[in-house]
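> Give me coordinates for this.
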Amino acid sequence: MQTFAIGRLRDVTLGDDIIAYLEGIDATLAPFGGAFIVHGGPATVLEGAWEGDLVVIGFPGRAAAEGWYASSAYRAIAGLRTRNAACDVILIDGVEAGHRATDVLARERAARALVG
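Residues are numbered from 1 along each chain as shown. You can find the predicted model right below:
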């Protein structure tokens, strides 16, 4: 199952540090099979409020995503981003092919059965 690193960046200062970060990040993704799915761009807000740029990076699985984020290559450039932008970053798993919205009900029922 694919895992996605999702970041929302706000208040980005586009200077030398961010340029160096952008020039270096692709090389950190390659060993872990990571690839950009979404990298900023204009968004049409349909509901609620949205501020910032969305970045989505796909990985072949959770171990690869966690390995990339913890890697010495990525840690070496991460500060270039965090010092120059407000960021929210998460890892989240995708769904299997054929997933239906009601599949989450089975997970919820199973979780409730364990608790109660």
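
> who's in contact with the lowest-mean-pLDDT helix or strand in the chain?
Every helix and strand of the chain was ranked by mean pLDDT, DSSP states H and E. The lowest is helix 103-115, at a mean of 83. Under the criterion CB atoms under 8 Å, 6 or more residues apart in numbering, residues Val95 lie in contact with helix 103-115. (C-beta placed from N, C-alpha, C; glycine too.)

> just how off-centre is stretch 21-34 within its chain?
Here stretch 21-34 is found 13 Å from its chain centre; the criterion is CA atoms, centre = their mean, to the nearest Å.

> what's the average pLDDT for that stretch?
The pLDDT scores in stretch 21-34 average 98.

> Adjust the sequence numbering to begin at 243 for everything that follows.
All right, first residue 243 from here; so that's stretch 263-276.

> buried stuff in stretch 256-266?
Residues 259-260, 263 are the ones in stretch 256-266 that count as buried (16 or more other CB atoms under 10 Å).

> can you check stretch 308-325 too?
Those would be 309-311, 315-316, 319-320, 322-323, for stretch 308-325 by 16+ other CB under 10 Å.

> mind exporting stretch 268-285 as PDB, just the C-alpha atoms?
Output of stretch 268-285 as PDB, limited to C-alpha atoms (Å, rounded to 0.1, in the frame of the first residue of the first chain):
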ATOM      1  CA  ASP A 268      14.900  15.000  -5.400                       C
ATOM      2  CA  ALA A 269      18.100  13.200  -4.600                       C
ATOM      3  CA  THR A 270      16.800  12.300  -1.100                       C
ATOM      4  CA  LEU A 271      13.600  10.800  -2.500                       C
ATOM      5  CA  ALA A 272      15.200   8.500  -5.100                       C
ATOM      6  CA  PRO A 273      16.700   5.900  -2.800                       C
ATOM      7  CA  PHE A 274      13.200   5.400  -1.100                       C
ATOM      8  CA  GLY A 275      11.100   5.300  -4.300                       C
ATOM      9  CA  GLY A 276       9.600   8.700  -3.500                       C
ATOM     10  CA  ALA A 277       8.000  10.900  -6.200                       C
ATOM     11  CA  PHE A 278       6.100  14.100  -6.200                       C
ATOM     12  CA  ILE A 279       2.400  13.700  -6.800                       C
ATOM     13  CA  VAL A 280       1.400  17.400  -6.100                       C
ATOM     14  CA  HIS A 281       3.900  20.200  -5.700                       C
ATOM     15  CA  GLY A 282       2.100  23.500  -4.900                       C
ATOM     16  CA  GLY A 283       0.200  25.300  -7.600                       C
ATOM     17  CA  PRO A 284      -3.100  27.100  -7.700                       C
ATOM     18  CA  ALA A 285      -5.900  25.500  -5.700                       C
END
